[in-house]
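Enquirer: next one to model:
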Amino acid sequence: MPKLSPNNDLPKAIRNIRLCAALKNCGAISVADAFDKSSAMKLYVYDDRDLGYTDWDDIEPTFVAKCFIATNSNDKTIVLLPLDGRILTGRSIIEGGICDGMLLTDHEMCLVEFKTNTFSSNYQTILQRANEAILQLWHTFNGIIKPKCATKSINVDQILSVDFYVVFNKDLEVTGANSELMDLQMQFLTDNNHPLYFNNGKTFL
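Expert: Predicted coordinates:
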């Protein structure tokens, strides 16, 4: 779909961490050409299988159960960066896995991996897909974003609050309240000092 914002000026959130320079030549399209931005109160982020990358809308779609909903009650500018299949596509880059997308504000970075193509609520299937997502999320941040920003003298951890989301189809009722998924969340926090959530939305502060 067309971008939500017709304004192509680079948002402050991207400039603050020098993301254009940090991720230069990492994929099929640059950060400057791939980003979109919006200050809508509700943004519906989803994995678009036809496009091959993450997209969003400010109107609730019929497939809302497969969306990650960004709630923006303070009228902030939220930036969407489609990573997998768009910004991060180089062979040496994607080894280790790439998460689907990133939402970025002046103070927050939210990395999202969609597992909405999981149709079974079988416990072992959910756990397997959850572990896959965790590897993709952490490699994207710790193996790519963080070190590449560091080469531009940017310490992402000092500038932004960073969190990670695994998104299943909401109809499967997969949440972090599940004991095994809760264990994964606690282990992730212990190992990486960042929170992990199994949730279909986030409120940006």
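
Enquirer: so what's residue 204 closest to, chain neighbours aside?
Expert: residue 72 (5.3 Å; CB to CB, 6 or more residues apart in numbering). Glycine gets a C-beta too; all of them are placed from N, C-alpha and C.

Enquirer: same question, residue 151
Expert: Closest to residue 151 by CB to CB, 6+ apart is residue 22, at 6.8 Å.

Enquirer: picking up where we left off before, which phi and psi does the residue nearest to residue 204 have?
Expert: phi -130, psi 70 (degrees, to the nearest 10).

Enquirer: tell me the contacts of it?
Expert: When contacts are counted by CB atoms under 8 Å, 6 or more residues apart in numbering, residue 72 touches 38, 39, 40, 41, 42, 43, 78, 204.

Enquirer: which of those fall within strands?
Expert: 38, 42, 43, 78 (DSSP state E).

Enquirer: so how many other residues sit close to the closest residue to the third one other than its chain neighbours?
Expert: Using CB to CB, 6+ apart and skipping the chain neighbours, the partner closest in space to residue 43 is residue 70 (4.2 Å). Per other CB atoms under 10 Å, the neighbour tally for residue 70 reads 25.

Enquirer: residues touching residue 70, list them.
Expert: Contacts of residue 70 (CB under 8 Å, 6+ apart): 42, 43, 45, 56, 78, 103, 110, 201, 202, 204.

Enquirer: any idea what the third one is bridged to?
Expert: Read it as residue 45. Beta bridges link residue 45 to residue 56, residue 68, judged by DSSP bridges.

Enquirer: with the fifth one instead?
Expert: For residue 78, the beta-bridge partners are residue 38 (DSSP bridges).

Enquirer: do residue 162 as well
Expert: Note on residue 162: beta-bridge partners by DSSP bridges are residue 109.

Enquirer: my guess is it contacts residue 107. True?
Expert: No - proximity of residue 162 to residue 107 does not meet the contact threshold set by CB atoms under 8 Å, at 10.5 Å.

Enquirer: re earlier: show me which of the contacts of residue 72 is closest to residue 129.
Expert: The shortest gap between residue 129 and any of those belongs to residue 43, at 24.1 Å (CB to CB).

Enquirer: centroid-wise, who is the farthest residue in the chain?
Expert: Most distant residue from the mean C-alpha position of the chain: residue 122, 24.9 Å away (CA atoms, centre = their mean).

Enquirer: residue 88 versus the residue nearest to residue 151, what's the distance?
Expert: From residue 22 across to residue 88, the span is 11 Å (CB to CB, to the nearest Å).

Enquirer: scan the contacts of residue 70 and report the most crowded one.
Expert: Counting by other CB under 10 Å, top hit in the contacts of residue 70: residue 45 with 27 neighbours.

Enquirer: contacts only, for it.
Expert: By CB under 8 Å, 6+ apart, the neighbours of residue 45 are 54, 55, 56, 67, 68, 69, 70, 80, 101, 103, 112.

Enquirer: the lowest-mean-pLDDT helix or strand in the chain: how far from the chain's middle?
Expert: None of the helices or strands of the chain scores lower by mean pLDDT, DSSP states H and E than helix 91-94, at a mean of 87. Computed by CA atoms, centre = their mean, to the nearest Å, the chain-centroid distance of helix 91-94 equals 18 Å.
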